[in-house]
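Trainee: Show me how the following folds:
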Amino acid sequence: MVTGELMHPDNQHIAKPGPDNPGFGIYLHWPFCKAKCPYCDFNSHVRHQPVDQDRFASAIISELELYASRLKGAGRSAPVTSVFFGGGTPSLMQPAIVGRLLDAIADLWTVAPDAEITLEANPTSVEAEHFKGYASAGVNRVSLGVQSLYDDQLRFLGRMHSAEEAKAAIKLAQQHFARMSFDLIYARPHQTPEAWAKELDEAIALAADHLSLYQLTIEQDTPFFALYRNGKFELPDEDTSVALYEMTHERLAMHGLPNYEISNHARPGYESRHNLTYWRYGDYVGVGAGAHGRLQLANGRLATSNERHPESWLKRVEQQGTGAIEEEILTLEEQSDEFLIMGLRVREGISLGRYEKLAGRRLSDKRIDGLIEEGLLLREGDRIRATRAGFLVLNALVADLASG
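Mentor: Okay, the predicted model is just below:
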């Protein structure tokens, strides 16, 4: 449980996470789903036989122990400021398993008293019934994969819940968790700005303090890719997609949920602390099948990548103590590129001084000034950040800056 077990007498001295203090996160990947959504290219897998949750939890704990030991050996003792159960569908886990994993983290690290503990969940009635158990185990934030508030759109997206189930799960989550978020997918076939505005208003009325709003994209090796390529459906054209994006930002800001990242909106103080650790280029341990991590060790910044196939990952951990199939010390150029890519996704932007420290060189003032003149960047003291127009062409903007 979070209350009690995750406290530590020195925690009152832990600095609050912020732009210059990214925090330290732990990501746990649960790779199993009841069904594979046709748009999804995440590392998720369907199993028609019961999963041995205790065995998978033991393997996750083995990886946690390994990274705790490595960090301790490198003299790294940052407190945990966030834990995130992602997937897959973590809400298929038994609450007792979630509690066991949180207890293991508390045994291995100092955990901040206000640590954010998030679990992703699907809003089916069976999984919603677990909410009380997750809260008792220590989860204090839930992220619901709602995706749409309309039944016909949920069927198109391959979701297994109804709109009414989603709304009921949102209300139930608000009863058990101090903070909650839910996802919606927009820029769906034939969707107009007017229809999306109506759905947004319904979402806001559900009293969410955080919304993640993603435009539908067609990824290779998904069922949607083949359907789209064969002309079975069309997405909104570029002008409509831009109009949907612009309207999304304007409407959410008007209702007190401004974007703090390209696709994420929150009331002030309700931003996802764990995701901000990624975007602020902080350290995080990644455990479970397909998980990635970034850790500063004595010999440099380590990038870790785990085996994606769940049973292969499990066997690897049980035989070798780790599911990692790749570990790499990042070069200064790789670190500075990642810092740019991640940091400019966020409304607060990046510190030019921190970039210089990572890269060993300054960003070109000439390029920065040129992008400011184009309306793509803003400069505020030591920080630069993308404008809304800059967010729309972020990859090109980052490439331009990095090439200087």
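
Trainee: Which elements pack onto the helix or strand that contains residue 142?
Mentor: Assessed by DSSP states H and E, residue 142 sits inside strand 141-147. Contacts defined by 3 or more Cβ pairs under 8 Å, 6 or more residues apart in numbering; DSSP states H and E place strand 141-147 against strand 111-121, helix 163-176, strand 179-186. Bear in mind the C-beta positions are built from the backbone N, C-alpha and C, glycine included.

Trainee: Now do the phi/psi pair for residue 108.
Mentor: For residue 108, the backbone dihedrals (degrees, to the nearest 10) come out as phi -100, psi -30.

Trainee: who touches it in this structure?
Mentor: In this structure, residue 108 makes contact with 64, 65, 68, judged by Cβ atoms under 8 Å, 6 or more residues apart in numbering.

Trainee: Let me see the ranges of the strands in the stretch 151-300 of the chain.
Mentor: All strands of the stretch 151-300 of the chain, identified by DSSP state E, counting those that start in this stretch, fall at 179-186, 210-215, 259-261, 264-266, 283-287, 292-297, 300-306.

Trainee: Quick check: which of those strands is nearest to residue 82?
Mentor: With Cβ to Cβ as the criterion, residue 82 lies closest to strand 283-287 of those, at 8.3 Å.

Trainee: Determine the number of other residues adjacent to residue 95.
Mentor: Other residues lying near residue 95 total 19 when counted by other Cβ atoms under 10 Å.

Trainee: Leaving out chain neighbours, which residue sits closest to it?
Mentor: Spatial nearest neighbour of residue 95, excluding adjacent residues (Cβ to Cβ, 6 or more residues apart in numbering): residue 133 at 2.8 Å.

Trainee: For residue 193, see how far away the one you found is.
Mentor: Going from residue 133 to residue 193 by Cβ to Cβ, to the nearest Å gives 41 Å.

Trainee: Low-confidence ranges, this structure, go.
Mentor: 1-15, 404 (pLDDT under 70).

Trainee: Identify the single longest helix in it, thanks.
Mentor: For the chain, the helix reaching the highest residue count under DSSP state H is reported as helix 53-73.

Trainee: The strand holding residue 142 vs helix 163-176, what angle?
Mentor: Using axes from the mean of the first three to the mean of the last three Cα atoms, to 10 degrees, the inter-axis angle of strand 141-147 relative to helix 163-176 is 170 degrees.

Trainee: Can I get strand 141-147 in PDB, CA atoms only?
Mentor: These are the backbone C-alpha positions of strand 141-147, laid out as PDB (Å, rounded to 0.1, in the frame of the first residue of the first chain):
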ATOM      1  CA  ARG A 141      -4.300   7.900 -10.400                       C
ATOM      2  CA  VAL A 142      -6.100   5.900 -13.200                       C
ATOM      3  CA  SER A 143      -5.900   6.500 -17.000                       C
ATOM      4  CA  LEU A 144      -9.000   5.100 -18.800                       C
ATOM      5  CA  GLY A 145      -8.800   4.100 -22.500                       C
ATOM      6  CA  VAL A 146     -12.300   5.500 -23.400                       C
ATOM      7  CA  GLN A 147     -11.400   6.500 -27.100                       C
END
